[in-house]
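# Just need the structure, nothing else, for what follows:
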Amino acid sequence: MAADQGEVTLLLCRLRAGEAEVLPRLFEIVYPELHRIAGQHMRRERKDHTLQPTALLNEVYLKIVGSSIEWQNRAHFLGVAARVMRHILIDHAKARKAIKRGGSNGPVPLDAVRAGTPERDAELLALEEALTTLEQENPTMARIVELRFFGGLSFDEIAEVLSVSSRTAKRYWATARTRLYKDMAQRGHHEPEGKPSPTRR
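Numbers count the residues shown, from 1 in each chain. Just a heads-up that it's a prediction; the model follows:
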């Protein structure tokens, strides 16, 4: 693991220097981690969904390939992937909702049509609304939720990404969950399922 982290750091430095050709190797190293995160999200969907973790990762890859981000380290990379994954999942939920209403304005991947239940989509969209509100009030707290819920990062990794202590990350996470739960309850939705793995402290 330490060797992999060292190579990730080196590859990110090369990527920052403009060597885009190292991106495939970078994804090869972090793929198992990203696949685990994507798998957590897909397990929350309906059992007969057609959107597989690999398809979700392909979308993440395509969005990151064309970015011009000042990469820092492995935790930062996973943090960016978490944000990209968040937007992809929310976009899919919105697209499915539009399709059900007959109002889609653009092409939608076929695997997105059946990937989630209406209840799951409603939960995701309610969470997104609540999280957007929280971002306006406390950006750091909202970012911790994004990294933890959508990215599955450990508190140590979150602390590294945001330059805060692990204890602060845990405290903010607990406070944010309570606030988001109340906000979503007021919107008529329950707290979203799928808590991060308890092994990732």
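# hey, where'd the strands end up in this structure?
Shown for the chain, no strands are assigned by DSSP state E.
# quick one: least confident helix or strand in it?
In the chain, no helix or strand scores lower on mean pLDDT, DSSP states H and E than helix 110-113, which sits at a mean of 36.
# Just the buried residues of the longest helix belonging to the chain, please?
For the chain, the helix with the greatest residue count under DSSP state H is helix 74-101. Buried residues in helix 74-101, defined by neighbour count with 16 or more other CB atoms under 10 Å: 74-86, 88-90, 92-97. Bear in mind the C-beta positions are built from the backbone N, C-alpha and C, glycine included.
# low pLDDT regions in this protein?
Under the criterion pLDDT under 70, the flagged ranges of the chain are 1-5, 39-53, 65-67, 100-119, 187-201.
# change it to 50
In the predicted model, the chain carries pLDDT under 50 at residues 1-3, 46-50, 104-115, 194-199.
# Just the buried positions in stretch 12-31, please.
Neighbour-count burial for stretch 12-31 [16+ other CB under 10 Å]: Leu12, Arg14, Leu15, Leu23, Leu26, Phe27, Ile29, Val30.
# what residues are up against the closest residue to Glu128 other than its chain neighbours?
Sequence neighbours aside, Ile90 is the residue nearest to Glu128 in space, at 5.0 Å (criterion: CB to CB, 6 or more residues apart in numbering). With contact taken as CB atoms under 8 Å, 6 or more residues apart in numbering, Ile90 is in contact with Leu124, Leu125, Glu128.
# ok, Thr133 - contacts?
Asp183.
# what about Leu10, how many neighbours?
12 (other CB atoms under 10 Å).
# What spatial separation is found between the nearest residue to Ala159 once chain neighbours are set aside and Trp173?
Leaving aside its chain neighbours, Ala159 sits nearest to Ser166 (4.5 Å; criterion: CB to CB, 6+ apart). Using CB to CB, to the nearest Å, Ser166 is found at 10 Å from Trp173.
# what is in contact with these two at once?
Going by CB under 8 Å, 6+ apart, residues that sit against Ser166 and also against Trp173 are Phe155, Ile158.
# Give me the more crowded residue out of these two.
Neighbour comparison, Ser166 and Trp173: the larger count goes to Trp173, with 19 against 15 (by other CB under 10 Å).
# Next, work out how far apart that one and Glu7 are.
Going from Trp173 to Glu7 by CB to CB gives 30 Å.
# And for Ala159?
According to CB to CB, Ala159 stands 22 Å off from Glu7.
# Neighbour count: these two, which is higher?
Neighbour totals were compared for Ala159 and Glu7, and Ala159 leads with 19 against 14 (other CB under 10 Å).
# thinking Ala159 is in contact with Thr168, fair?
Yes: in terms of CB atoms under 8 Å, Ala159 counts as a neighbour of Thr168; the distance is 7.3 Å.
# For those two, list the residues in contact with both.
In the contact map built from CB under 8 Å, 6+ apart, no residue is linked to both Ala159 and Thr168.
# can you give me the helices in the protein?
Along the chain, the stretches classed as helices by DSSP H are 2-16, 23-43, 53-65, 74-101, 110-113, 118-137, 139-145, 155-162, 166-186.
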